[in-house]
Structure formats: C-alpha cells, structure tokens
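Student: My questions are about this predicted structure, shown below with the sequence.
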Amino acid sequence: MASITDAALAGEVEADFSAVDKARVVEALSRLLPAGALMFETEDLRPYECDGLSAYRQLPMVVALPTTEEQVVGILKLCHEMGVPVVARGAGTGLSGGALPHQFGVLLSMARFNRILSVDVPARVAHVQPGVRNLAISEAVAHHGLYYAPDPSSQIACTIGGNVAENSGGVHCLKYGLTVHNVLRVRGVTIEGDIVEFGSLAPDVPGYDLLAAMIGSEGMLAVATEVAVKLTPKPQLAQCVLAAFDDVVRAGDAVAAIIAAGIIPAGLEMMDQPATAAVEEFVHAGYPLDAKAILLCESDGTPEEVAEEIERMRAVLEQGGATEIRVSRDEAERLRFWAGRKAAFPAAGRISPDYYCMDGTIPRKRVGEMLSAIQEMEKKYGLRCINVFHAGDGNLHPLILFDANQPGELERAEAFGADILELSVALGGTVTGEHGVGVEKINQMCSQFTKPEIATFFRVKAAFDPAGLLNPGKAIPTLNRCAEYGRLRVSGGQLPHPELPRF
Amino acid sequence: MNDVIEQWQEKVRSAAAEGMSLRPRGGGTKDFFGRRADGEVLDTRALSGIVSYEPTELVVTVRAGTPLAELESMLAERGQRLPFEPPHFGDGATVGGCVASGLSGPSRLAVGALRDFVLGVKIIDGQGDLLAFGGQVMKNVAGYDVSRLFAGSLGTLGLLCEISLKVLPRPAVERTLCLGMGPADAVEHLNQWGGQPLPISASSWHEGELRLRLSGAEAAVAAAVARIGGEEVDAVDAQAWWRALREQRLAFFAEGDLPLWRLAVPSTTAPMTGDWFIEWGGGQRWLRSDASAEEIRRIASGVGGHATLFRGGDRDGEVFQPLAAPLMMIQRRLKQAFDPAGVFSPGRLYNGF
C-alpha cells in the first residue's frame, strides 16, 4: 500500500505514488468490474492520455468505466485502501488539463453515466447522470418551454459532470449565472466511499455551503454520480444587436455604458479585428471587416420587453460612437450573428496550425489596457493573438496562434499566456474565469494567492479527501512549486541574474 | 483600517493561544438566530466603510462593519441594489452580519440567494492570518470557492473583514397583485407561473390571500399583470408591505409567542394543515408551533426539505436540521481547517462548532 507523507498532505511537496503496484490494482479492480469496464493495455489507454489541452499528455495506469454508483463506491474504497490516485473524467473537453491522467492512478471515466433520470416539469428540475451532455438537457426539455441556462461553447460535447467540476459559464452568464447558480444538488461519492448529497431541492441548506465548494473543485473533493439542475423558462423572443467600433477602447467603454444604463443584456460579447477577420473567412457571418472591434449585445424576454430594451441598447451604442449598428431581423439572422462568435476557436484553428486559449477575467474597465498590453506582447513573443471575450463579465479568451512544429513556438506561446494571466491578476482579476486551473495555470496560482491561502486550500481539500487521492497535483500548486516558480518568475521585465547569457 | 485588522489578528492569535473564544458581532440584530454561542464579543463595527464601488462593474467591496442601510442607500443613489433583499431585523444591521447569517429576502426564488452574489472575501482565520479568496470579478474559478463557504457560516469559520458583492440595477417598474385562493391552488399556480417567462420577483400566501410582485421592464410587467389578473395593490402600500414581510413585522411574525419555524421545501410540496405562511414560490414556509423539533424535522425531511428553529424555543439544542453523518464529518473538518483552536463562535451553528 502506498502512503502519503504529511508534507504532501499539507501541500508542501507533491505526493509520490511511484510505489503503487499496477498488477495488484488491476487484479483488485477486475473483481469489482465486468469485462470491458476495465482497461490497462497501452493501446486501450491511449484515447485517455489528454483532455482538451492536448499539449499535456500522460497515459493513466488503468481506465475504469463504471456504470453504477455501487461500482463507483467500490472503486473509490479500493483506491482509498490501496493509496491509488483517482482522476475523474467526463467528455474530456476541458481546456486546462484538469482530466489529465495520473501516471500511477485510475482514470475514472463517467462516460457511461449518460442517462437523464427524470424531469420534474412543475418543479422545473432535471435529474441527470454526470455523463449527460450539457445540450442534451436543453434538448430533452425544450418541448416544455424550458432549458438549462449555462451554455459553454463546447455544449454539444461537454458533460454536466465536467461543468460541475469547472463551474462552466458560457455566453449568457451575465444574466443567467454560472453552473453554481443553476445546479441545485450534486450527489456524489467521497474517496472514503461515502455517498453524499451536496445542496438540496429545497432552498438554502443548513451548515457550510458544500455545494459551492464542490462546484468548480476540478474533481478534487468528490466524484459526482447524479446532478439536479434548475431549468429556466425559455424567453419568448431573443434579438441581437451587432455594433461596430473604430477603436477597441471605445468598444470597451460602450460595454460599461450599457451596464451604467441599467441594462443587463442576455449576452454581451466582443471580438477584435483579427478575430473578426478569422471567423468571417470561415463562417461568413457578414461581420464588418473594417471595424477595430465588434460587440454582440443580446436582449431576451417578451416581445414588448425586447423591443424596449433593444431601443435603449441602440441609443447607448450610438452615443458610445458605434460606426454601424445592425439589429437581427429574424431568428436566422440572430443565429448568424452568433455563428461567428461561436466559431472563434475553430476559426483560429484554420488560420494557424495551433492555438492556445487563455481565460483570465479582469474588471471590465481595464479591457482597453489589457488589449494594448497584448499587442505589445505579440511583438515581444513574435506570435499573433486574436481576441474574443465575454465582455459583459470581463472574461477574456485571447487565442495565441503558434506552430508546435516550429522549435520554441510552444514555449513562447506558453510564456505569452503566462504573461497575460499575470497581468490579469495585476489588473485586479483572476487567472481563470471558467476553464479551471488544472495543470495549465498551476504556476500562475502562485502569483494570485499567498502561502497561507494555498495552505488553506489544501486543508479544505483534506476536509473532503483526507488521503489526498482525488486528482492530486492539479488546481492548487504545492508550496514547493511556488517557491521554485517564484525564483524563476520574470518580474517587472527584470530577469533574475541578467548577467547570464540566455537563448 | 489596517491597524484595526492588525489588532484583530493579534486578538485572534492570543485567543487561540489561551484557548479563549471570540464572537464576531456587528449591530447584534441577528443575535436571536442560530444556537446560543459563547465567547467574548468582538465588535466588527470598528471596521467600516466602502472600499470600492463602481456601478459599471456591478461590484461593490465593503468592510464588514459597514451598516447595511448605508450600503443600500449608496447603491440606490446609482440606481442599483442588493438583488437578494437581505433582511435587516433591526437598525444597525451590518454587511458582515448579513453575509454571515446568509439570509435572503422575498426575491430569493427569482434572483438567487445571498450566496449567489458573494464574489470574494477577506478574512482572518483561526490562526490570525489575513487571507483573501475570490475577488471582484463575476467569473472566477481559481481555487476552491471559499467565499461562499462564509455565506451563512454564522461567524464560525473566521472573522469577515471585507466582502465583495455583485449588485444589479433596480428594476424599472414594480407592481403587486393580490389574488384570493386556497393554499393548494396557490402552490399549484406559483409553480405553473414559475415555468413560464413571467417577471414574478416575489410571492407570499397567507390566510387565503396570494400576493405577487412583478418587476422588470414596463412592457413586460404590464403584459404579466394583464395575464395574471387579480387586484392591483397601491404602489406605496405594496412597497411597505414587502418590506414588512422581509423584516418580519407582519402580524404573523411579530405577534404571539410560539417558536417560529422556517421550513425550506421543494416548491411543489403540497400544503400541510395548519397556519402556514408561504413564500418563495412555495419553497419557504413558516410555521408557529410548539411541536417537538423531532416532529417538525420529520415533516420537513419527509418531503426532501429541512427545518430551522428560526426564533424562540430552545437555543441550546440544535436549531438547524442535523445533517447526514458523512456531511457532518466534512463540516467538522472544514471548521478545523479554518479554525483549528475553535476560537470563533463555538456552537453557534451546530453543537461542537
């Protein structure tokens, strides 16, 4: 049996799991799971070696594909007894490496938990298994005039379990909230094999809000087996305004002006000129190509409400110096406006062999500053960056374009990204708005949090997972790592030891 | 203000070293809530004032001892508000006490709970360390969501110093309707309406009278008023009435001396016999009763809800519904994680922490 040192549990150093005995784990798991639910040959493990962040790859020791909660309990109890790490995985669409397998661990795929268990229409609640796709929920309840509000770009593929792990957002969260605002209850299993229910179908559970802790915890506190989501009545009508600006800062100011006018748009997105050009070539949304930035501003509600709000939006945007304003005339045009924004990632993939998506959030008023800084960084790193973001909530998705086959470009892209994230923190924001920390942003966590704060995160984890076996090494950096990273970090443009030659 | 924080850090460290306990307290307006707690009172009103407020960011950062009324009137000047309508329960309620009690007002079911609007906190933990979690932005998944753990923690996890809250514009129009119907009809209608895109922002039912508040754009509210029917309540009276409900000044709450129970239940739960006051689209139901805690909790858990002994009764027993054993264990360990020496308000939430 592998055991974890106190220093590892306290978050000082990484835990060492190299003593885990694969043969014994496989043998024990095969007694719990039927044939076909357990994989341990290299060729079977290959499809699981990465998630949506494919720059990081690691084969798991074994893959388990349970179909029942009882099996999940069995697997977790066994891993707890044997000291084996467990990494839970949904559809593997995550962008921060949160589902990157552990070399000495069990990759717990929840893909077979793919049933919508029941829909309570009068109560507006759907009970689903964690492997159900986000969009499948809305599709299943559409005929009742209901939908599940959070809509991450990957919603055709990503699962609700993964959304819970990352607290996923989408383009409508300014008005409708994130996963944490739309999930009522998560049933799950702890590493000790206890079945727990966080949250409730009744409002405001007593005690500390464990549901909030569980949501966005990147699979490090418990494994979800059932999720109760809130369903929202579908608005009767949605209409979208497309506004063009000849200056990105002016576009940013217009975003603030809309909020200042007391309007909370259903969606408020911004794209810069290079992003507009990239998507236009791909989806032909009809975007104005001469604009330095475009805003997409959506209103939804009753027809009367939408008409009133669109007029107010138009007035604010005109006053804010928009060079062109178009209002969608029908549903087809509205969807065309959005098609470009939703195609930003694949469009980046078309104009560049690789791209690296960042996810910082900053106060809205700092958007202009951030965009100018990114332009400087493009020169510094010799790489292009196209910018799309959820302007309404200050969540940026700069897409850094690079070619991994060119020596040094991946490293430059990563350094570029790290610069953006650290600037996000410096501007009063955060390193991740909705994609999670995973393995990707773990170093930047050291610039956002102090040593005692990081130590507190490890204690919070230990309250749920005292053995430190759920997704170890993700999301929260060890103090040792921060110490090393702190030594290496370039601060204020000054490299440590500037006298040394660098390549 | 840094010197106040430093004094508090020192106070916490020495309390931890000497095995003493502290009870953070603002205006004392919610002293009645939770279990009876021990500890020397630490008056949080010494740390007061707005740290930053920018209406276009929809975020306000406030020191914990700031009077809630002061914050609300500042927001109102800029046409904004705390969307969850927190109850004050008296003059002098502070923002820290509001967050620590975790209580939301009439708009809870329409806009979300207090915890949904907490974006970040600065706290002093049980070892005297000043820690910051979350931040001033609406989307933030860096680290576990510690800020929301403090919402409703009743001062047992740490000492709140600063809180960042999401705020929203005040609705352009509010109108209130009154309809006569029995409790079963009321619960059924509320859930039906809840499934439609109607701007219902609050509801209450008591003694055959259902009141609905509609908030939003003028056109949307007018359309809903026409569709729902019933009698419209005068705007000034309506505003006073919703405020009285929020502050528990209506006769149902203010008169009589039987313990006041709050049952949170799934909104579609069929009404039970007795004199109930129903809010939140059917999700929050009040009862005055001297029945045993066991009996009331059995009723609540029988329908998938939970019961809180809100006012009166035995404040030395459990006032919140006991949790399943594995959850209780996680709660205890969380308390340990933040406050290993048990400095903060021991016993206020559950016996033992």
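Tutor: Now that the structure is in, tell me what you want to look at.
Student: just for the chain, where's the confidence low?
Tutor: Picked chain A for this. A:1-3, A:487-503 (pLDDT under 70).
Student: my bad, chain B
Tutor: For chain B, no range has pLDDT under 70.
Student: Please identify which helix or strand holds the spatially most central residue of it.
Tutor: Centroid-nearest residue in chain B, with CA atoms, centre = their mean: residue B:103, separated by 0.8 Å. In this structure, residue B:103 sits in neither a helix nor a strand according to DSSP states H and E.
Student: give me every residue that touches it.
Tutor: B:30, B:33, B:86-87, B:114, B:152 (CB atoms under 8 Å, 6 or more residues apart in numbering or on different chains). (C-beta placed from N, C-alpha, C; glycine too.)
Student: How much space separates it from residue B:62?
Tutor: Shown here: residue B:103 relative to residue B:62, a distance of 17 Å by CB to CB, to the nearest Å.
Student: Break the chain down into its structural domains.
Tutor: No chain in the question, so chain A it is. A:6-109, A:116-233, A:237-346, A:351-487 (automatic domain parsing).
Student: looking at chain B here, not the other one
Tutor: Split by automatic domain parsing, chain B gives B:2-169, B:173-311.
Student: Can you say which of those domains is packed in most?
Tutor: Using mean count of other CB atoms under 10 Å in any protein chain shown, the stretch among the domains of chain B with the largest mean neighbour count is domain B:2-169, at a mean of 21.
Student: and that one, how far from the chain's centre?
Tutor: Offset of domain B:2-169 from its chain centre (CA atoms, centre = their mean, to the nearest Å): 11 Å.
Student: The closest residue in space to residue A:18 that isn't next to it in sequence and residue A:50, how far apart?
Tutor: Counting by CB to CB, 6 or more residues apart in numbering or on different chains, the nearest residue to residue A:18 once its immediate chain neighbours are dropped is residue A:104, at 6.3 Å. Computed as CB to CB, the residue A:104 to residue A:50 distance reads 17 Å.
Student: Kindly report the same for residue B:240.
Tutor: Residue B:240 is 60 Å from residue A:50, by CB to CB.
Student: again with residue A:381
Tutor: Residue A:381 is 24 Å from residue A:50, by CB to CB.
Student: list the contacts for residue 353?
Tutor: This is for chain A. A:402-405.
Student: Let me rephrase: I mean chain B.
Tutor: Contacts of residue B:353 by CB under 8 Å, 6+ apart are B:156, B:331-332, B:335, B:342, B:346-347.
Student: and the residue of the stretch 201-350 of chain B found nearest chain A, backbone torsions?
Tutor: Per CB to the nearest CB, residue B:219 is where the stretch 201-350 of chain B lies closest to chain A, at 3.2 Å. Backbone torsions for residue B:219, taken as degrees, to the nearest 10, come to phi -60, psi -40.
Student: so it makes contact with residue A:311?
Tutor: No. If you go by CB atoms under 8 Å, residue B:219 and residue A:311 don't touch, sitting 10.9 Å apart.
Student: part of a helix, is residue A:174?
Tutor: Yes. Assessed by DSSP: H, G, I helix; E, B strand; the rest coil, residue A:174 belongs to a helix.
Student: That one contacts residue A:267, correct?
Tutor: Yes. With contact defined as CB under 8 Å, residue A:174 counts as touching residue A:267 (7.2 Å).
Student: How about residue 176: what's its closest non-neighbour residue?
Tutor: Here I'm looking at chain A. Using CB to CB, 6+ apart, the closest residue to residue A:176 is residue A:149 (3.9 Å).
Student: wrong chain, I was asking about chain B
Tutor: residue B:238 (3.6 Å).
Student: Quick check: what element follows the helix or strand in which the one you found is found along the chain?
Tutor: Element membership for residue B:238, per DSSP H and E: helix B:235-246. Using DSSP H and E, the helix or strand that follows helix B:235-246 in sequence is helix B:251-254.
Student: tell me what that following helix is packed against?
Tutor: If you count contacts as 3 or more CB pairs under 8 Å, 6 or more residues apart in numbering or on different chains; DSSP states H and E, helix B:251-254 packs onto strand B:284-288.
Student: Start and end of stretch A:204-212, how far apart?
Tutor: 11 Å (CA to CA, to the nearest Å).
Student: quick one: it near chain B?
Tutor: Yes. With CB under 8 Å from any CB of the partner chain as the measure, stretch A:204-212 is seen reaching chain B through A:204-210, A:212.
Student: before we move on, what about stretch A:461-480?
Tutor: Yes. Using CB under 8 Å from any CB, we find that stretch A:461-480 touches chain B at A:461-464, A:466, A:475-476.
Student: now, which of these sits nearest chain B?
Tutor: Using CB to the nearest CB, the residues of stretch A:461-480 next to chain B come closest to chain B at residue A:463, 3.7 Å.
Student: Next, the contact list for the closest one, please.
Tutor: B:330, B:333-334, B:336-337.
Student: Confirm that it sits in a strand.
Tutor: No. Per three-state DSSP, residue A:463 lies outside any strand segment and is helix.
Student: Setting aside sequence neighbours, what's the nearest residue to it?
Tutor: residue B:333 is the one closest to residue A:463 (CB to CB, 6+ apart), at 3.7 Å.
Student: for residue B:115, same thing?
Tutor: Residue B:115 sits nearest to residue B:151 (CB to CB, 6+ apart), 3.9 Å away.
Student: thinking that neighbour is in contact with residue B:114, fair?
Tutor: Yes. Proximity of residue B:151 to residue B:114 meets the contact threshold set by CB under 8 Å, at 5.6 Å.
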